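1. from the sequence below, what's the structure:
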Amino acid sequence: MHRVIGCVLVSRLLIGTTCLPQGSDRPMQRAADVDASGARVVMIHTNAGRVDVTGSTVDRRVAAAISTTMASAAPDLADSRFLIERHADTVYVRATFPEARPGTSYGVTIQTPAETSVRLNSAMGNARVSHVAAASVRHKIGDVTVDTIAGDVEITSQMGALRVRQAGGSVLIPEASGSLEVHGAGKNVTIDRFEAGSIAVTDVIGDVRLKSLRMGSVDVANVRGDVTIDTVSNVQLYALKYIQIGGRVSAPARRSP
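-> Prediction:
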């Protein structure tokens with residue numbers, strides 16, 4: 001355990017911290033990093049807070065920081081579990097926060113080499129992953145944005161807005177509800193189950209398939225392959241619009257009440 005005046009830091013590989021005067025309204029932060037040369041996967045687990053993961057073409061480290069919105073939450077930050085370590089070709093980052101005080105929130109910021117694949121498991125708060133080799137996100141509540149991914153993307157979310165921009169490989173959405181936007185996929189886009197809300201998919205080189213939709217609207221444009229919707233539970237609350245489809249379109253017809 002490393003100690004700095006006013007903060008207690010718990011991390012196996014801790015490189016620094018910022019401790020601000022009592023009463024400051026600026027964020028407090030704890031930071032750590034590990035050498036990631038040759039690493040292939042970065043696995044991230046957090047129970048709360050905003051998460052921002054960005055790939056770098058220059059730095060060979062995985063650098064992580066956790067923060068709070070107000071210095072008055074310093075005891076909570078000190079009590080948080082913050083771990084970054086490497087085993088073989090995998091880097092692990094874990095941040096476990098106590099319940100946030102009124103008016104405060106937590107954040108996790110991570111920079112990783114661009115050639116690594118990111119696997120993020122987060123519970124609550126917005127999440128963003130960009131400029132990495134591949135991205136897999138399991139999220140409960142909050143918005144998720146995945147941007148500029150060289151390979152495949154997979155996102156599972158219980159509630160929130162999902163945005164995928166420029167995936168070089170396939171896009172898989174096992175489960176989602178709220179709103180889903182996919183703009184740019186180098187292979188197929190597959191949505192296993194979508195509860196309710198809106199779906200917009202554009203600029204796909206492969207096929208687009210929605211296996212199960214309870215209700216909502218689907219807009220599809222500029223798809224080179226086929227567009228398929230297998231089942232719609234409530235066809236009275238369902239709408240499909242499509243333009244510039246290279247293959248065939250197969251979907252349930254909307255019935256009038």
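2. wait, Leu172 sits on Lys187?
-> No: using Cβ atoms under 8 Å, Leu172 makes no contact with Lys187, being 10.0 Å away. (Each C-beta comes from the backbone N, C-alpha and C, glycine too.)
3. now for those two: what residues contact both?
-> Asp152 (Cβ atoms under 8 Å, 6 or more residues apart in numbering).
4. what's whichever strand or helix holds Ser217 packed up against?
-> Here Ser217 sits within strand 208-223, counting by DSSP states H and E. With contacts taken as 3 or more Cβ pairs under 8 Å, 6 or more residues apart in numbering; DSSP states H and E, strand 208-223 sits against strand 189-191, strand 194-204, strand 227-232, strand 238-245.
5. give me the contact list for stretch 134-142.
-> By Cβ under 8 Å, 6+ apart, the surrounding residues in contact with stretch 134-142 are 117-127, 129, 144, 146, 149-160, 169.
6. hmm, 7 Å instead?
-> Residues from elsewhere that reach stretch 134-142 (Cβ atoms under 7 Å, 6 or more residues apart in numbering): 117-127, 129, 144, 146, 149, 151-160.
7. for it, give the mean pLDDT please.
-> Averaging pLDDT along stretch 134-142 yields 93.
8. same question for stretch 47-58.
-> 93.
9. quick check: Ala253 is in a helix.
-> No: read with DSSP: H, G, I helix; E, B strand; the rest coil, Ala253 is coil and lies in no helix.
10. that one: neighbour count?
-> Using other Cβ atoms under 10 Å, Ala253 is surrounded by 8 other residues.
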